[in-house]
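S.K.: can you look at this prediction? I've put the sequence above it.
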Amino acid sequence: MATKKVTIATLAALRAREEKVVFVTAYDYPTAAYADRAGVDLILVGDSAAMTMLGLPNTLGIGMTEMLVFARAVSRAVTRALVIGDMPFRSYQPSDESAVRNAAAFIADAGCDAVKCEGGARVAPRVRAMVDAGIAVMGHLGLTPQNLTQLGGYRVQGKSLAAAERLVQDALALEEAGVFAILLEAVPAETAGYVRSRVSVPVYGIGAGPDVDGQLVISHDILGNFVGDIKPRFVKRYAEVGAAIEGALRQYAEDVRAGRFPGPEHCYPLDAEIEAEIREARRPLVGERA
């Protein structure tokens, strides 16, 4: 697998050649290292960490402090993939100033290559402010979890021609504001393909079918180690890491309680003479309990 660093120019070239981009989330050093070694092109340090790593019910409760910890860990692990920091709720909505300050923290402090934020035309001014500050920004349309209440829950978006047209208009507004790519979440494949056909920047999908420039899936869904009941329709599970972890820990607990672990092979050896001396010293003195 080539080790040349993925850049925004790389992504544009891949779209021009109609080559698919591989996109996953990571929140920690080991997962990011494995993804990078596997040849993944884009790694998103997603605000989904609120649910996958912190056990929160949705993405709204995570802030910049936690996100920067996760982003630093991922950036340290990666040499090839382009790393994107996901701007959490409240980090960019209040003002252009807050958007630029927090986006810059992902780049300068956490080592990310770009940031992602949710929303269309209404956040375009924030996107433009970040881009004008020299920060690469990915847009996010369709199901935008930070607007969960307004959307009425985790609902598929773009299910009518009118809704698809609104997504196109939002995508065009983001392109005009300077995004280098757009992520579409939970929209029908036909809608996603329609949006892609109307913009010139790469369009990636998470639950948006095959007619886009690349696919994002949350790593915990791929690996089967998300502790929870959520399993989106678009997920294909490639491993059952969670079951393997639970099984290993259960076996470890049984071995400890049964005295099978640690065994002689897990202990540091001593010279026989020294071992005898220590054993002698361990003998209880007269009157002491053994």
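M.R.: Yep, that arrived. All values reported here derive from a predicted model rather than from experimental measurement. Numbers count the residues shown, from 1 in each chain.
S.K.: moving C-terminal of the lowest-mean-pLDDT helix or strand in the chain, what's the next helix or strand?
M.R.: Each helix and strand of the chain was given a mean pLDDT (mean pLDDT, DSSP states H and E); the minimum falls on helix 148-151 at a mean of 67. Note on helix 148-151: by DSSP states H and E, the next helix or strand toward the C-terminus is helix 161-177.
S.K.: tell me the domain ranges of the chain?
M.R.: As assigned by automatic domain parsing, the chain contains the domains 8-240, 245-281.
S.K.: single out the most deeply packed of these.
M.R.: Of the domains of the chain, the one with the most neighbours on average (mean count of other CB atoms under 10 Å) is domain 8-240, at a mean of 19. Heads up, the C-betas are built off the backbone N, CA and C, glycines and all.
S.K.: and that one, how far apart are its ends?
M.R.: Using CA to CA, to the nearest Å, one end of domain 8-240 lies 33 Å from the other.
S.K.: centre of the chain to that domain, how far?
M.R.: Remark: domain 8-240 is offset 8 Å from the chain centroid, using CA atoms, centre = their mean, to the nearest Å.
S.K.: and if you look at stretch 250-263?
M.R.: The answer for stretch 250-263 is 35 Å, by CA atoms, centre = their mean.
S.K.: same deal with stretch 238-254?
M.R.: With CA atoms, centre = their mean as the basis, the mean position of stretch 238-254 lies at 23 Å from the chain mean.
S.K.: who touches that stretch?
M.R.: Applying CB atoms under 8 Å, 6 or more residues apart in numbering, the contact partners of stretch 238-254 are Ile222, Leu223, Gly224, Asn225, Phe226, Val227, Arg260, Phe261.
S.K.: can you map out the helices along the stretch 1-150 of the chain?
M.R.: 8-16, 29-37, 49-52, 64-77, 96-104, 124-132, 148-151 (DSSP state H, counting those that start in this stretch).
S.K.: thanks a lot, see you next time.
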